[in-house]
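**Q** fold the following and give me the result.
(one chain, ligands or ions: 1)
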Amino acid sequence: MTDTLRIRDLDKRFGGGRGLLGFGKEKPSVHAVQSASLDVARGQTLGIVGESGCGKSTLARMIVGLLPPSAGTIEIEGVNYAERAGRDPAAFGKVIQYVFQDPLSSLNPRKTIRQILEAPLKRLHRMPAEQRAARIAEILDAVNLRPEFLDRYPHEFSGGQAQRIGIARALAAAPRILVLDEPVSALDVSVQAQVLNLLSQLREEFDLTYLFISHDLAVVEAVADRVAVMYFGAIVELAPAREIFARPRHHYTALLARSAPVVGRPLAAPEAADAELPDPLNPPPGCAFARRCPAATEICHRTKPPLEDHGTGHHAACHHPAR
Ligand SMILES: Nc1ncnc2c1ncn2[C@@H]1O[C@H](COP(=O)(O)OP(=O)(O)OP(=O)(O)O)[C@@H](O)[C@H]1O
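**A** As a prediction, the model looks like this:
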């Protein structure tokens, strides 16, 4: 199977530097994403899970070209797009699109649905008017919305309908990859299932590849072929979905899996309340999870474990992986 998306050592730091003239004390920086590497095979869904603040959105925003990486490469079908970020947004937009968490606030309230769907056809594909109408009708049908919705405004729709419009807008660009950033988190549980079903149909119909970001373990387990678990800016485990929750190797994933996932419940390890995350301005030298880890030994506090293959594509960044 070929990889549609290949990311190597993608890194993002916020802040830092010594001010405008380069004088004064070095400002503190936050290492929001630390050397993330992952591959997504064509037609597959990679789920990315992690608690709030672990770097999921920063990773996603770099991958779609909304945020320039501090270092690393983003290859889509063999082309390195990280080099083109910022300079050539249209090149990015044609291959990869972002679906936002909050459908209503991501749609321009002053534009009709027709105008919203036309924008990527005009801007990215320079499609003439007569072809646009047919393409819009096709996309609207694919997301199960009625043609009479085209002349209405976003506020006239329910959350579930608005998210279908958000998905339709992303599809209008005819991308190869969709980055879905918490696409159902803002929706009622009953509507979540409908949107998840729709996404799975669309993946087949349009031969799409998904990166599906969520703090909801149960949702990710339901949709993903493979799962990456993030903790404190780093991917700590990466494995096939059925395996990662049944036989987690990283002790953080084990803690999450033990918290018995329930659809709609935010992801938080049970012990999280009394065990704080490390200070992002003063990160520990070793494994960021060591202070919370039942298996931690001295080396864990001293040396950061690399993400290693522990057998048949099951990667974990742990000095003492669970068996
Ligand atoms: N523009 C920014 N400037 C400075 N720090 C930032 C910025 N954006 C994110 N961060 C920091 O980077 C880290 C990762 O944030 P990010 O939003 O990517 O996490 P997340 O897992 O997506 O969280 P959530 O689920 O709450 O959105 C956090 O410590 C956050 O405070």
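**Q** what helices and strands are in contact with the helix or strand of the chain with the lowest mean pLDDT?
**A** Sorting the helices and strands of the chain by mean pLDDT, DSSP states H and E puts helix 89-95 at the bottom, at a mean of 83. If you count contacts as 3 or more C-beta pairs under 8 Å, 6 or more residues apart in numbering; DSSP states H and E, helix 89-95 packs onto helix 113-123. C-betas here are computed from N, CA, C, even on glycine.
**Q** in the least confident helix or strand of the chain, which residues are buried?
**A** By 16 or more other C-beta atoms under 10 Å, the buried positions in helix 89-95 come out as Ala91, Phe92, Gly93, Val95.
**Q** my guess is the last one contacts Glu77. True?
**A** It stands for Val95. Yes. Between Val95 and Glu77 there is a contact at 7.1 Å, judged by C-beta atoms under 8 Å.
**Q** which residues do the two both contact?
**A** Arg176 (C-beta atoms under 8 Å, 6 or more residues apart in numbering).
**Q** picking that back up, could I have the least confident helix or strand of the chain exported to CSV, CA atoms only?
**A** Extracted in CSV, the C-alpha atoms of helix 89-95 (Å, rounded to 0.1, in the frame of the first residue of the first chain):
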residue,chain,number,x,y,z
PRO,A,89,-1.4,27.9,-0.3
ALA,A,90,-3.3,26.9,-3.4
ALA,A,91,-1.0,24.0,-4.0
PHE,A,92,-1.7,22.8,-0.4
GLY,A,93,-5.5,23.4,-0.8
LYS,A,94,-5.8,21.2,-3.8
VAL,A,95,-4.4,18.1,-2.0
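**Q** ok, then the element right after it?
**A** strand 96-99 (DSSP states H and E).
**Q** circling back to that earlier point, could you dump the buried residues of helix 89-95 into a markdown table with distance to the ligand added?
**A** What follows is the buried residues of helix 89-95, written out as a markdown table (distance: C-beta to the nearest ligand atom, whole Å):
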| residue | distance to the ligand |
| --- | --- |
| Ala91 | 24 |
| Phe92 | 19 |
| Gly93 | 21 |
| Val95 | 22 |
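**Q** closest one of those residues to Pro109?
**A** Pro109 lies nearest to Gly93 out of the buried residues of helix 89-95, by C-beta to C-beta, at 21.9 Å.
**Q** distance of the spatially closest residue to Arg203 that is not a sequence neighbour from Ala241?
**A** Distance criterion C-beta to C-beta, 6 or more residues apart in numbering; nearest residue to Arg203, sequence neighbours excluded, is Tyr210 at 6.1 Å. Distance, Tyr210 to Ala241, using C-beta to C-beta, to the nearest Å: 12 Å.
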